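Asker: Structure for this input, please:
(2 chains)
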Number of protein chains: 2
Amino acid sequence: MPAPRTAVPDKTLRTLVSDIFVAAGTSREHADTVSDVLVWANLRGVDSHGVSRVPRYLELFDKGEANPRPEIVVEELRSALAVIDADAAPGPVALSLAMHQAVSMARSSGVAWVAVRGTVHTGAIGYYTECAAQYGMAGLGIVAGVPNMAYTGSPVAGVATSPLSVAVPAGRHPIVLLDMATAVIALGRIAQHKASGRPLPEGAALSKDGRPTVDPAEAAIPLSMGGAKGAGMSLVFELLASGLTANPIVSSFHSGKPEGRRHRQNAVLLAVDISAFTPVDQFRAVVDDTVDAIKQLPASDPSQEILIPGERGARTFADRLTTGIPLPVPLVRKLCEQASALGAPVPEGLLSE
Amino acid sequence: MPAPRTAVPDKTLRTLVSDIFVAAGTSREHADTVSDVLVWANLRGVDSHGVSRVPRYLELFDKGEANPRPEIVVEELRSALAVIDADAAPGPVALSLAMHQAVSMARSSGVAWVAVRGTVHTGAIGYYTECAAQYGMAGLGIVAGVPNMAYTGSPVAGVATSPLSVAVPAGRHPIVLLDMATAVIALGRIAQHKASGRPLPEGAALSKDGRPTVDPAEAAIPLSMGGAKGAGMSLVFELLASGLTANPIVSSFHSGKPEGRRHRQNAVLLAVDISAFTPVDQFRAVVDDTVDAIKQLPASDPSQEILIPGERGARTFADRLTTGIPLPVPLVRKLCEQASALGAPVPEGLLSE
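Answerer: From the prediction side, this is the model:
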């Protein structure tokens, strides 16, 4: 049974989350970055990657696995290559910096590949690739993390549900924004099924003991999208993101050493300067024409609109900017309690209903 | 009923194919490149992308859609960005050049993104990404082509089965080589099911009139891997590969103009200089450790080995180097006939059995 919801204006939520992070020890700048990334996910309707993650960041600060005062080091290795040592900074801090670095370098070199070593919880990586698209560039991103998904042929958590995101700017249409896990259904979505009681599709998850299940309460290990394809993508993302930063996660996880199970992530972000190839307006026109062509395809079900990656999110974003973000009341209560406990201000009237 | 097969040594096959291309009007250098790429696919067991494609290239030459004497132009746009105008060169010619260009530029800039405009039939793109890995770099590639796969929510060919490939060098293990279509099963594999009479898996294809089917004889339109995920990947590959080269394929295809249906492809290849990040030997060790960790996972079926992307292909490659490439007799006969018709030499004893 889903919990009752209350609509919270995005600004209120951003302030609350930023205040919590400052109270937990981060700088205001970092707190604002984290809250912007999390609230962006809620605005887009990706609630699994939104402010519901705040308690987890606080827990990671408490355990010393995330660093509220990181000394982040940016190293430009070549004209188009940089590595950012995140010093266990929250993902939104490290990856926002990384994409700005990539955009800045791509202005001169045309493309830039920025690797991030040792961050935690990147949030929805579409935020960072969209950022590149807002600068008129193409943005690409991959993340590697601690195994939580089955690898083809094995019934245990072998690799991570590592996401891929690609964003390109359009003209009349919203930014085309693909942001997908390599799992059939990522863990956050399984949790949403559990909350609502809806069964999972076949072939999406295994139980803790490795049996296929459609019961979200029993589902523990997501299966990879397209079988060996999704598992293979996850594995090469690990090799790229963790291999290049010399910070292996998968092999360390399976080594049996306790530190191998510690939460951490590596990432790669790319920006491509479209204007080096073609006038950006001409590129936007190609994107618009392509989007139009796809949306005008004959529909399998005439009552169902054909959707472009990121289209639903852009609409939800516009809606929620106006109507507020519908959050489960227990989550809002929990955030308010955490704010109080840390001595951060709690917005008035947030739980008046 | 599958046709009887005959084992052909790779060198014999390479010579035959190269001679056919020279007789069809290409330079010996280009002919050798095409034959190497096609025979590589056969050696790896990817027979759908091997020498069975020769007749199709010849047909494209005849129709003027592929150019046996292309004037290929390489333009370095920025330190890490280049575009290659392929002038309708066969894909193996354009993409081999593109990956060598990428590797060369990545040596100084760290990463290079090389876009290819207007080629035909790229072959198995794992060939090019593996090439980067052989230079101790990471290689990535995507291709955009003429729509032949359903886009989610529509029962017609909306987007292409555009592949993604990633290759990284290992140490003790073979190069890790992911090379996957964005379809559940690509058209070449459907043809193999048809030849052998094996039914397709559920959810892999539609019939010509848009009905789901598992009958390979009826299957006409592949479905995308992971539903909206594979379709979205294909769409963003089109926007990257065709948008950046200002050579749209999908929108042109759906415009209704006859030239929009003409076979052509665009591509993007990337090389990343691992040594800019970390000593390559250290990277290889991470890859080896990760491969070991995955292969040692508990197996769902103890009689089934857990495989790494590219592992089976590397083994088949080693086997077929020794035992020859098992080709259907009718295909070998057809190649010999085409060679004869073009006045190219036909190796003796090829069809002696």
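Asker: going forward, measure contacts and count neighbours with C-alpha atoms only.
Answerer: Fine.
Asker: how about the helices of the stretch 151-300 of chain A, start to end?
Answerer: Assigned by DSSP state H, counting those that start in this stretch, the helices in the stretch 151-300 of chain A fall at A:187-196, A:228-244, A:250-253, A:280-295.
Asker: is any part of the first one close to chain B?
Answerer: No - with C-alpha under 8 Å from any C-alpha of the partner chain as the measure, helix A:187-196 is seen stopping short of chain B, the closest distance being 14.8 Å.
Asker: Just the C-alpha atoms of that helix, please, in PDB.
Answerer: Coordinates of the C-alpha atoms in helix A:187-196 are reproduced here as PDB (Å, rounded to 0.1, in the frame of the first residue of the first chain):
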ATOM      1  CA  LEU A 187      17.000  -1.500  -7.500                       C
ATOM      2  CA  GLY A 188      15.200   1.900  -6.900                       C
ATOM      3  CA  ARG A 189      12.400   0.800  -9.300                       C
ATOM      4  CA  ILE A 190      12.200  -2.600  -7.500                       C
ATOM      5  CA  ALA A 191      11.700  -0.700  -4.300                       C
ATOM      6  CA  GLN A 192       8.900   1.400  -5.900                       C
ATOM      7  CA  HIS A 193       7.200  -1.900  -7.000                       C
ATOM      8  CA  LYS A 194       7.500  -3.100  -3.400                       C
ATOM      9  CA  ALA A 195       6.000   0.100  -2.000                       C
ATOM     10  CA  SER A 196       3.000  -0.100  -4.500                       C
END
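Asker: got a list of contacts for that helix?
Answerer: A:1-3, A:48-49, A:199-200, A:216-217, A:219, A:222 (C-alpha atoms under 8 Å, 6 or more residues apart in numbering or on different chains).
Asker: ok, A:Ala89 - contacts?
Answerer: Under the criterion of C-alpha under 8 Å, 6+ apart, the contact partners of A:Ala89 comprise A:66-70, A:72, A:118-120.
Asker: Quick check on these: which are buried?
Answerer: Neighbour-count burial (16 or more other C-alpha atoms under 10 Å in any protein chain shown) applied to the contacts of A:Ala89 gives A:66-68, A:70, A:72, A:118-120.
Asker: Let's see which of these end up in strands.
Answerer: Using DSSP state E, the members of those that fall within strands are A:118-119.
Asker: Of the buried ones among the contacts of A:Ala89, which is the nearest to chain B?
Answerer: Lowest distance from chain B to these (C-alpha to the nearest C-alpha) belongs to A:Gly118, with 14.7 Å.
Asker: interface residues of the stretch 101-250 of chain A facing chain B?
Answerer: When proximity is defined as C-alpha under 8 Å from any C-alpha, the stretch 101-250 of chain A approaches chain B at A:108-113, A:138, A:151-156, A:158, A:166-168, A:176, A:178, A:180, A:184, A:225-226, A:229, A:232-233, A:236, A:239-240, A:243-246, A:248, A:250.
Asker: switch to 7 Å and redo it
Answerer: A:109-111, A:113, A:153-155, A:158, A:166, A:178, A:180, A:184, A:225-226, A:229, A:232, A:236, A:239, A:243-246, A:248, A:250 (C-alpha under 7 Å from any C-alpha of the partner chain).
Asker: and those residues, which of them are in strands?
Answerer: Of the positions in these, A:111, A:113, A:158, A:166, A:178, A:180 sit in strands, assigned by DSSP E.
Asker: so which of those residues is the most crowded?
Answerer: A:Val111 (32 neighbours; other C-alpha atoms under 10 Å in any protein chain shown).
Asker: show me what contacts that residue?
Answerer: Counting by C-alpha atoms under 7 Å, 6 or more residues apart in numbering or on different chains, A:Val111 touches A:80, A:270-273, B:80-81, B:113.
Asker: Specify the beta-bridge partners of it.
Answerer: A:Val272 (DSSP bridges).
Asker: Please name the bridge partners of the nearest residue to A:Asn247 once chain neighbours are set aside.
Answerer: Nearest residue to A:Asn247, sequence neighbours excluded (C-alpha to C-alpha, 6 or more residues apart in numbering or on different chains): A:Arg117, at 6.8 Å. As for beta bridges, A:Arg117 partners with A:Asp85 under DSSP bridges.
Asker: got the phi/psi numbers for A:Pro174?
Answerer: Dihedral angles phi and psi of A:Pro174 (degrees, to the nearest 10) take the values phi -70, psi 160.
Asker: list the contacts for it?
Answerer: A:Pro174 makes contact with A:311, A:314 under the criterion C-alpha under 7 Å, 6+ apart.
Asker: A:Ala314 too?
Answerer: A:44, A:174.
Asker: Now name the helix or strand holding A:Glu75.
Answerer: Element membership for A:Glu75, per DSSP states H and E: strand A:73-78.
Asker: tell me which strands and helices that strand is in contact with?
Answerer: Counting contacts by 3 or more C-alpha pairs under 7 Å, 6 or more residues apart in numbering or on different chains; DSSP states H and E, strand A:73-78 is packed against strand A:81-85.
Asker: thinking again about what came up before, and the strand holding A:Glu75, how far out from the chain middle?
Answerer: With C-alpha atoms, centre = their mean, to the nearest Å as the basis, strand A:73-78 stands 24 Å off its chain's centre.
Asker: hang on, A:Leu200 packs against A:Asp215?
Answerer: Yes - using C-alpha atoms under 7 Å, A:Leu200 is in contact with A:Asp215, at 6.3 Å.
Asker: From chain B, how far off is A:Ala191?
Answerer: Here A:Ala191 is placed at a distance of 20 Å from chain B (C-alpha to the nearest C-alpha, to the nearest Å).
Asker: can you count the residues close to that residue?
Answerer: Using other C-alpha under 10 Å as the criterion, A:Ala191 is surrounded by 16 other residues.
Asker: Next, work out how far apart it and A:Arg333 are.
Answerer: To A:Arg333, A:Ala191 is 19 Å away according to C-alpha to C-alpha, to the nearest Å.
Asker: Check the secondary structure at A:Ser104 for me.
Answerer: What DSSP: H, G, I helix; E, B strand; the rest coil gives for A:Ser104 is helix.
Asker: okay, now it: neighbour count?
Answerer: With neighbours defined by other C-alpha under 10 Å, the count for A:Ser104 comes to 19.
Asker: tally of neighbours for A:Met208?
Answerer: Check again: residue A:208 is Lys, not Met. The criterion is other C-alpha under 10 Å. On that basis, A:Lys208 has 15 neighbouring residues.
Asker: quick one: contacts for the residue lying closest to it once chain neighbours are set aside?
Answerer: In space, A:Lys208 comes closest to A:Ala220 once its chain neighbours are excluded; the distance is 5.1 Å by C-alpha to C-alpha, 6+ apart. Listed by C-alpha under 7 Å, 6+ apart, the contact set of A:Ala220 reads A:205-208.
Asker: Can you list which of those are found in strands?
Answerer: A:205-207.
Asker: Out of those, who's the most crowded?
Answerer: Counting neighbours by other C-alpha under 10 Å, A:Ala205 comes out on top of these with 31 neighbours.
Asker: And the nearest residue to that one once chain neighbours are set aside, how close does it get to B:Gly232?
Answerer: With C-alpha to C-alpha, 6+ apart as the measure, A:Pro222 is the residue that lies nearest to A:Ala205, at 4.2 Å, once sequence neighbours are left out. Distance from A:Pro222 to B:Gly232, counting by C-alpha to C-alpha: 21 Å.
Asker: What about A:His263, how many residues nearby?
Answerer: Counted with other C-alpha under 10 Å, residues neighbouring A:His263 total 19.
Asker: Which pLDDT value goes with it?
Answerer: Predicted confidence (pLDDT) for A:His263: 91.
Asker: buried set for stretch A:145-165?
Answerer: Buried residues in stretch A:145-165, counting neighbours by 16+ other C-alpha under 10 Å, are found at A:145-165.
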